[in-house]
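Asks: quick one, structure for this:
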Amino acid sequence: MIHADILFKYFPDFTEKQQDQFRQLFDLYADLNAKINVISRKDMDNFYIHHVLHSLALLKFADFSGAKNIVDIGTGGGFPGIPLAIAFPDKQFYLIDSIGKKIGVVQQVADAVGLTNVVAEKARIEDTPYKYDMAVARAVAPAIELFQWMSKNWSHQPKMALLKGGDLAEELNELLVAKSSLKIKVNAISSIYAEDFFETKKVVLVN
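Replies: Alright, predicted model coming up:
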């Protein structure tokens, strides 16, 4: 069993309150997951590596400084949105998913750990009325689809930070063909984390 302390090895500056919020997540997800399966049951032993630490990799590569309203597209059980909302209590996070039972879990977790900066909504991103400064997502859809879904929802210029894996060349080339003015940077998560799980994992920045 991997405990929450793995997070603080890489992120030693979290406050006591944030550390406590992260520590609460395991029991909350273990309990809720027994009722509504939002995380693979076999993944729970590695919950803090596979889900929370993975989500927090975005902090190492993406620039969140100018973003106040951030959307997590297809948040599923709340990743990366919930960990990011704990990390950035001064920013507003919109966690969007089309599956209601998953959004129910997200809302319960956010309420339980006292996150007042989370809006959990059952919706398709292209149907939401909000404007966002930044979008994050984890293994939801090809980058070009995420970009197209967000076409009417940017407050300013497009800015995405995506958790991806494997060979991304064809997928990212498709996005550049559709929108040649975009800048794309691929970052290897293995450059910041030692765990084998991250060997093929990437953070893709699009703006």
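
Asks: drop to CA atoms for contacts and neighbour counts, all remaining ones
Replies: OK.

Asks: ok, which stretches of this protein are strands?
Replies: 69-73, 92-97, 118-122, 134-138, 160-165, 184-188, 201-206 (DSSP state E).

Asks: which ones are touching the residue nearest to the spatial centre of the chain?
Replies: Closest to where the C-alpha atoms of the chain average out (C-alpha atoms, centre = their mean) is Pro80, at 1.9 Å. By C-alpha atoms under 8 Å, 6 or more residues apart in numbering, the contact list for Pro80 reads 51-52, 54-56, 72, 136-138.

Asks: mind doing that once more with 6 Å?
Replies: Listed by C-alpha atoms under 6 Å, 6 or more residues apart in numbering, the contact set of Pro80 reads Ser55.

Asks: same thing with Leu205?
Replies: Going by C-alpha under 6 Å, 6+ apart, the list of residues near Leu205 reads 160-161, 184-185.

Asks: ok, for it, nearest residue in space, not its chain neighbours?
Replies: What sits nearest to Leu205 in space, not counting adjacent residues and going by C-alpha to C-alpha, 6 or more residues apart in numbering, is Ala161, at 4.7 Å.

Asks: equivalent analysis for Lys159, please.
Replies: Leaving aside its sequence neighbours, Lys159 sits nearest to Asn207 (C-alpha to C-alpha, 6+ apart; 4.5 Å).

Asks: then Glu126?
Replies: Trp149 (5.2 Å).

Asks: correct me, but that neighbour touches Thr128?
Replies: No - judged on C-alpha atoms under 6 Å, Trp149 makes no contact with Thr128 at a distance of 10.4 Å.

Asks: which residue ranges of this protein form helices?
Replies: Under the criterion DSSP state H, helices of the chain are mapped to 5-10, 16-35, 47, 54-61, 81-87, 100-112, 143-149, 169-178.

Asks: how about the second one, which residues are buried there?
Replies: Translated: helix 16-35. Under the neighbour-count criterion of 16 or more other C-alpha atoms under 10 Å, helix 16-35 has 18-19, 21-23, 25-26, 29-30, 32-33 buried.

Asks: export those as a markdown table, with columns for pLDDT.
Replies: Formatted as a markdown table, the buried residues of helix 16-35 follow (pLDDT from 0 to 100):
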| residue | pLDDT |
| --- | --- |
| Gln18 | 98 |
| Gln19 | 98 |
| Gln21 | 98 |
| Phe22 | 98 |
| Arg23 | 98 |
| Leu25 | 97 |
| Phe26 | 96 |
| Tyr29 | 94 |
| Ala30 | 92 |
| Leu32 | 90 |
| Asn33 | 84 |
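
Asks: look up how far Tyr193 lies from the closest residue to Gly81 other than its chain neighbours.
Replies: Once flanking residues are discounted, Gly81 sits nearest to Asp72: 5.6 Å by C-alpha to C-alpha, 6+ apart. For Asp72, the distance to Tyr193 equals 23 Å [C-alpha to C-alpha, to the nearest Å].
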